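Enquirer: Let's see this in three dimensions:
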Amino acid sequence: MLWFRTPQKVYMKKGSLPVALEELKNYYNKKKAFIVTDTFLFENGFTKPITEKLDELGIIHQTFSNVAPDPTLACAKEGATQMNEFKPDVIIALGGGSAMDAAKIMWVLYEHPEADFLDMAMRFCDIRKRIYEFPKMGEKAYFVAIPTSAGTGSEVTPFAVITDEQTGVKYPLADYELLPNMAIVDADMHMSAPKGLTSASGIDAVSHNLEAIASIMATDYTDGIALQSLKMIFEYLPKAYDNGPNDPEAREKMANAATMAGMAFANAFLGVCHSMAHKLGAFYHIPHGVANALMLDEVLLFNASEVPTKMGTFSQYDHPHTLARYAMVADYLGLGGKDDEAKLKNLIKAIDELKEKIGIKKTIADYGIDEKEFLERLDEMAEQAFDDQCTGANPRYPLSSEIKQMYLNAYYGKHEEV
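Expert: Numbering: from 1, shown residues only. Modelled structure (predicted):
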């Protein structure tokens, strides 16, 4: 059995926010809303359209705006404490991945204060066959996610990452109980996103789609969404990057494409590109989308090998065929090529051209990462990337040495077969 899971309701259209919020009162009869966001968004008035509509609807509200870019367990506990005092029946997460992740963890702590993070973060090979049963969510509060950037897809995914500031341990939680109940994808919330955020979040969505397509858990449903999302991103990301608020169509298309990419990887999962990007970001504070962009070419070359050293184990996935999958992407994007190898080459060229258009540098070294420090920490970073939860769905199961080589290639700008 396979599945395709999304929030109960996904609203999409520029200007849809106030109309969607009316459901909270008119359909669900909600009375108290707890808004979770970050300081920048709060101070720049992003919560105003929400609070003004809630006031109009007669829904009492409280705002928590202390979410940091890399949310901590302490932040989530602080928010959950305020929730327990306020007792909301709806939680509204506003922001990028950090705000939505933090809000999801607060939701867990609010509904299940007894929950053990070590149990919830327990590894799994197949999300349907976990040893640990995640606590039932939504009994105290309905969860609404409103993205302010086009990239993370967190508004439609069952994932959240939180860092224990005492130990430095990151807890990656993954369970469909964490899936928001409602997502509101309104490009009005994206119009003023700066170029750096537009670039990093947009290329993150590219990596979501490519990893979902290559995943051992990909299906016809995830393929269709990922392919269309990629087509939209290649057309509209450069326009959104160049024109920003002057191109509302590009902003709306990117908002939709990013959410579609989220739906694809929420069901097919990701791969070793994200595993390596997670550690590159953790070790060197490179923005997540940029970290994915730096590793993307190497991962495509690695996965396209028809004779993997090791292969992932999932009953549906019976033989390596990722080269043909990438060729399918190239065909859908109209990139041409006389055979699958040529199509892969054209796909990598198109990705590199897209990265150049949106200001992403070519190598890890270009981001000022000291060579000596990089080489000294390489073994540790490769080992952690191998152990990342995302590695399991990758179509070619990597050795630590192969991850290390991909990091080296991405640092120096080499494109060697791994």
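
Enquirer: check contacts around residue 262.
Expert: Residues near residue 262 by Cβ atoms under 8 Å, 6 or more residues apart in numbering: 152, 153, 154, 155, 156, 157, 205, 208. The C-beta positions use only the backbone N, C-alpha and C, and glycine is treated the same way.

Enquirer: Name the nearest residue to it, sequence neighbours excluded.
Expert: Residue nearest to residue 262 in three dimensions, not counting chain neighbours: residue 153, with 2.1 Å by Cβ to Cβ, 6 or more residues apart in numbering.

Enquirer: Can you tell me the element the residue nearest the centre of the chain falls in?
Expert: For the chain, the residue sitting closest to the mean C-alpha position, by Cα atoms, centre = their mean, is residue 152 at 3.5 Å. In the assignment (DSSP states H and E), residue 152 maps to no helix and no strand.

Enquirer: Check whether it really touches residue 97, as I assumed.
Expert: Yes. If you go by Cβ atoms under 8 Å, residue 152 and residue 97 touch, sitting 3.5 Å apart.

Enquirer: intersection of neighbour lists for the two?
Expert: In contact with both residue 152 and residue 97: no residue, using Cβ under 8 Å, 6+ apart.

Enquirer: Quick check: buried residues in stretch 319-326?
Expert: Across stretch 319-326, burial judged by 16 or more other Cβ atoms under 10 Å covers 320, 322, 323, 325, 326.

Enquirer: for the chain, longest helix please?
Expert: helix 220-243 (DSSP state H).

Enquirer: now what about that helix, what contacts it?
Expert: Contacts for helix 220-243 (Cβ under 8 Å, 6+ apart): 4, 150, 195, 198-199, 202-203, 205-206, 208-210, 212-213, 215, 247, 249-251, 253-254, 256-258, 260-261, 263-265, 267-268, 328-329, 332-333, 350, 354, 357-359.

Enquirer: and the residue nearest to residue 262, how many neighbours?
Expert: Neighbourhood size, residue 153 [other Cβ atoms under 10 Å]: 28.

Enquirer: which residues does it contact?
Expert: Taking Cβ under 8 Å, 6+ apart, we find residue 153 in contact with 205, 208, 258, 259, 261, 262, 263, 265, 266.

Enquirer: Next, work out how far apart the last one and residue 246 are.
Expert: The span separating residue 266 from residue 246 equals 32 Å under the rule Cβ to Cβ, to the nearest Å.

Enquirer: Tell me which of those two has more neighbours.
Expert: Neighbour tally, residue 266 and residue 246, criterion other Cβ under 10 Å: the higher count belongs to residue 266, 25 against 10.

Enquirer: Correct me if wrong: the more buried one contacts residue 156.
Expert: Yes. Here residue 266 reaches residue 156: they are 5.8 Å apart, a contact under Cβ under 8 Å.

Enquirer: Please identify every residue contacting each of the two.
Expert: Common neighbours of residue 266 and residue 156 (Cβ under 8 Å, 6+ apart) are 6, 179.

Enquirer: Pretty sure residue 140 sits in a helix.
Expert: No. Under DSSP: H, G, I helix; E, B strand; the rest coil, residue 140 falls outside any helix and is assigned coil.

Enquirer: need the strands for the stretch 1-150 of the chain, in chain order.
Expert: Counting by DSSP state E, counting those that start in this stretch, the stretch 1-150 of the chain has strands at residues 9-12, 32-38, 60-67, 90-95, 142-147.

Enquirer: Over to the stretch 301-418 of the chain?
Expert: 310-311, 396-397.

Enquirer: need the least confident one among the ones you listed, by mean pLDDT.
Expert: Among those, strand 310-311 has the lowest mean pLDDT, at a mean of 59.

Enquirer: do you know how far residue 88 is from residue 19?
Expert: Residue 88 sits at a distance of 21 Å from residue 19 (criterion: Cβ to Cβ).

Enquirer: Have a look at the two and say which one is more surrounded.
Expert: Under the criterion of other Cβ under 10 Å, the comparison of residue 88 against residue 19 puts residue 88 first, with 24 against 13.

Enquirer: Next up, the contacts around that one.
Expert: Contacts of residue 88 (Cβ under 8 Å, 6+ apart): 32, 33, 34, 62, 141.

Enquirer: hang on, the last one packs against residue 93?
Expert: Put plainly, it is residue 141. No. Assessed by Cβ under 8 Å, residue 141 is found out of contact with residue 93, at 11.3 Å.

Enquirer: The two: which is more packed in?
Expert: Each of residue 141 and residue 93 has its neighbours counted (other Cβ under 10 Å); residue 93 has more, 27 against 23.

Enquirer: Give the full set of residues in contact with the more buried one.
Expert: 36-37, 99-100, 102-104, 143-146, 155, 180.

Enquirer: looking at this protein, which helix or strand is least sure?
Expert: Taking mean pLDDT, DSSP states H and E as the measure, the chain has strand 310-311 as its least confident helix or strand, at a mean of 59.
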